[in-house]
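Novice: following is a predicted model, sequence given first.
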Amino acid sequence: MPYIMPQQREAIDLITPYGQYGLLPIGSLNYLITNILLAKDPKSYTDYNALIGVIECCKLEFYRRAVAAYEDEKIAENSDVY
């Protein structure tokens, strides 16, 4: 996760008020993310590889911080299968 200074977050949030993204259908969220990646104007394999790395790190951090916590709740609620 990009742990950036609060001032940087505020500037980014002004450009992209992500609070409203929660209202988007999943397909629209995919479209939005794709357009953000394409706006980086990748020109080489290195560029594409770096962008895929960003996506992969976002995925892993989302899993670590959000999905794993949800799964832990469900294990406590329903018991573990392992």
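Specialist: That came through fine.

Novice: output the lowest mean pLDDT helix or strand found in this protein.
Specialist: helix 6-15 (a mean of 74; mean pLDDT, DSSP states H and E).

Novice: how far does that helix sit from the chain's center?
Specialist: Its chain's C-alpha centre and that of helix 6-15 lie 16 Å apart, by CA atoms, centre = their mean, to the nearest Å.

Novice: now the very next helix or strand once past it: mean pLDDT?
Specialist: Following helix 6-15 in sequence order, the next helix or strand is helix 26-39 (DSSP states H and E). Mean pLDDT, helix 26-39: 87.

Novice: one step back: other residues contacting the least confident helix or strand of the chain?
Specialist: residue 4 (CB atoms under 8 Å, 6 or more residues apart in numbering). C-beta coordinates here come from the backbone N, C-alpha and C atoms, glycine included.

Novice: average pLDDT for the one helix or strand residue 74 maps to?
Specialist: Per DSSP H and E, residue 74 falls inside helix 68-78. Helix 68-78 shows a mean pLDDT of 96.

Novice: please point out which parts of that helix sit buried.
Specialist: Residues of helix 68-78 classed as buried by neighbour count (16 or more other CB atoms under 10 Å): none.

Novice: stretch 34-51 now?
Specialist: Neighbour counts over stretch 34-51 (16+ other CB under 10 Å) mark residue 37 as buried.

Novice: send the alpha carbons of it over as PDB?
Specialist: What follows is stretch 34-51, C-alpha atoms only, in PDB (Å, rounded to 0.1, in the frame of the first residue of the first chain):
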ATOM      1  CA  THR A  34      -8.200   0.400 -16.600                       C
ATOM      2  CA  ASN A  35      -8.400   4.000 -17.700                       C
ATOM      3  CA  ILE A  36      -6.200   5.100 -14.900                       C
ATOM      4  CA  LEU A  37      -3.600   2.600 -16.000                       C
ATOM      5  CA  LEU A  38      -3.800   3.600 -19.600                       C
ATOM      6  CA  ALA A  39      -3.400   7.200 -18.700                       C
ATOM      7  CA  LYS A  40       0.100   6.300 -17.600                       C
ATOM      8  CA  ASP A  41       0.700   5.800 -21.300                       C
ATOM      9  CA  PRO A  42       2.800   2.700 -21.100                       C
ATOM     10  CA  LYS A  43       5.200   2.400 -24.000                       C
ATOM     11  CA  SER A  44       7.400  -0.600 -23.100                       C
ATOM     12  CA  TYR A  45       7.400  -3.900 -21.500                       C
ATOM     13  CA  THR A  46       9.000  -2.300 -18.500                       C
ATOM     14  CA  ASP A  47       6.100   0.200 -18.200                       C
ATOM     15  CA  TYR A  48       3.500  -2.600 -18.500                       C
ATOM     16  CA  ASN A  49       5.400  -4.700 -16.000                       C
ATOM     17  CA  ALA A  50       5.500  -1.900 -13.500                       C
ATOM     18  CA  LEU A  51       1.800  -1.200 -13.800                       C
END
